[in-house]
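Enquirer: Just to be clear, the model below is a prediction. Sequence and coordinates:
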Amino acid sequence: MRLAETTWPNVARYLEGCKGIVIPVGSTEQHGPSGPIGTDALVAQAIAEQAARHGPWLVAPTLSLAPAQFNLGFAGTISLRASTLMAVVGDVLGSLASQGFERFYFLNGHGANIAAVQAACQDFYAQWSLGQRSGQAPQCRLRSWWDYPRANDMRRELYGQWEGMHATPSELSIAMAVLGSAYPIGQAIEQPPQRLPDGYARLHAGDNHPDAHHHREQFPDGRVGSHSALARPEHGQALLEAAAQDAREDITQFFAS
Ligand code: NI
């Protein structure tokens, strides 16, 4: 059930049975020459809604603006400061906690959200740790969809090393499945991208990239080791279902904890 499409009495009734809410988090940034700017938000929302279809959970509006300063050299990217996202997440948590929500599940589609969202959750908990708020502290969990075991196995199997880090064939496949005929008409580059140097992915996990000038110079077409042209809508449907199944299990466990 989408929060935006229900009423306050329905939410009040929901809270009598479940104190958890799913919050998709994405980004608005370039996804290579053939991928939609909103890929991360579309994908996180689609997985959250698919997971909630088989469970009774509320899904909050997607937080679709994110830290992405490294992609500002590409037209269309909008970047929040990490501190802005922290403030937004803190206000979202504070609002919902004041009404009785106790479990916040962030379903993430963008690496650079991880540090900011987790830091905001730490600041949120600190209010109880410091005795500024009483009672049992709520709990937050963040999971990035590509870390779900079924989805991760599937993307490794489908694309191997060409999955890469950004404008990945797996995320573009899911965007194709979600958007159908609304997927942007553009020519995917048939040539594979430059291979990422050994250790690059580990060193830059969570989109820990330097400034936009440097980033564009290093990855001129926006793909970061990802062979985007391998994306297929049928892969996307399978990846979406695998990730939603993983998400469903994780959310069920978390909301019951
Ligand atoms: Ni992405």
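Expert: Nice, I can see it.

Enquirer: Return the nearest residue of the protein with respect to the ion.
Expert: D40 (4.1 Å; CB to the ion). For every residue, glycine as well, the C-beta is placed using N, CA and C.

Enquirer: List the contacts of the helix or strand containing that residue.
Expert: Take DSSP states H and E as the rule and D40 turns out to sit in helix 39-53. Residues outside helix 39-53 that contact it (CB atoms under 8 Å, 6 or more residues apart in numbering) are 1-2, 22, 24-29, 31, 36, 57-59, 62-64, 66, 107-110, 145, 167, 171-172, 174-175, 177-179, 240-241, 243-245, 247-248, 251.

Enquirer: hmm, which of the residues you listed are the buried ones?
Expert: For the contacts of helix 39-53, a neighbour count by 16 or more other CB atoms under 10 Å gives the buried set as 1, 22, 24-29, 31, 36, 57-59, 62-64, 66, 107-110, 145, 167, 171-172, 174-175, 177-179, 240-241, 243-245, 247-248, 251.

Enquirer: before we move on, the earlier item: and the residue of the chain closest to the ion, how many neighbours?
Expert: 32 (other CB atoms under 10 Å).

Enquirer: Find me the pLDDT at it, would you?
Expert: pLDDT recorded at D40 is 98.

Enquirer: E190 too?
Expert: 89.

Enquirer: That one belongs to a strand, doesn't it?
Expert: No: assessed with DSSP: H, G, I helix; E, B strand; the rest coil, E190 is coil; it does not lie in a strand.

Enquirer: What segments of the protein are helices?
Expert: 8-17, 39-53, 82-98, 113-129, 149-159, 169-179, 200-203, 212-218, 233-256 (DSSP state H).

Enquirer: thinking again about what came up before, show me which of the contacts of helix 39-53 neighbour the ion.
Expert: Residues of these in contact with the ion (CB under 5 Å from the ion): E171.

Enquirer: for stretch 154-170, what is the average pLDDT?
Expert: Taken as a whole, stretch 154-170 has an average pLDDT of 96.

Enquirer: can you pull the buried residues of that stretch?
Expert: Buried residues in stretch 154-170, defined by neighbour count with 16+ other CB under 10 Å: 154-155, 158-159, 162-170.

Enquirer: Return the residues of this structure in contact with the ion.
Expert: 39-40, 171.

Enquirer: Turn the residues you listed into a markdown table, including distance to A97.
Expert: Shown next, in a markdown table, are those (distance: CB to CB, whole Å):
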| residue | distance to A97 |
| --- | --- |
| T39 | 30 |
| D40 | 26 |
| E171 | 31 |
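
Enquirer: follow-up on the earlier one: closest to G73 out of the helices of the chain?
Expert: helix 212-218 (3.6 Å; CB to CB).

Enquirer: OK, contacts around the nearest residue to V92 once chain neighbours are set aside?
Expert: Spatial nearest neighbour of V92, chain neighbours left out: I23 (6.8 Å); criterion: CB to CB, 6 or more residues apart in numbering. For I23, the contact set (CB under 8 Å, 6+ apart) comprises 59-60, 62-63, 92, 104-107.

Enquirer: Just list whatever residues bridge to I23.
Expert: Beta bridges link I23 to F106, judged by DSSP bridges.

Enquirer: buried residues in stretch 125-139?
Expert: For stretch 125-139, a neighbour-count test (16+ other CB under 10 Å) marks 125, 127, 138-139 as buried.

Enquirer: Model confidence score at A51, please.
Expert: 95.
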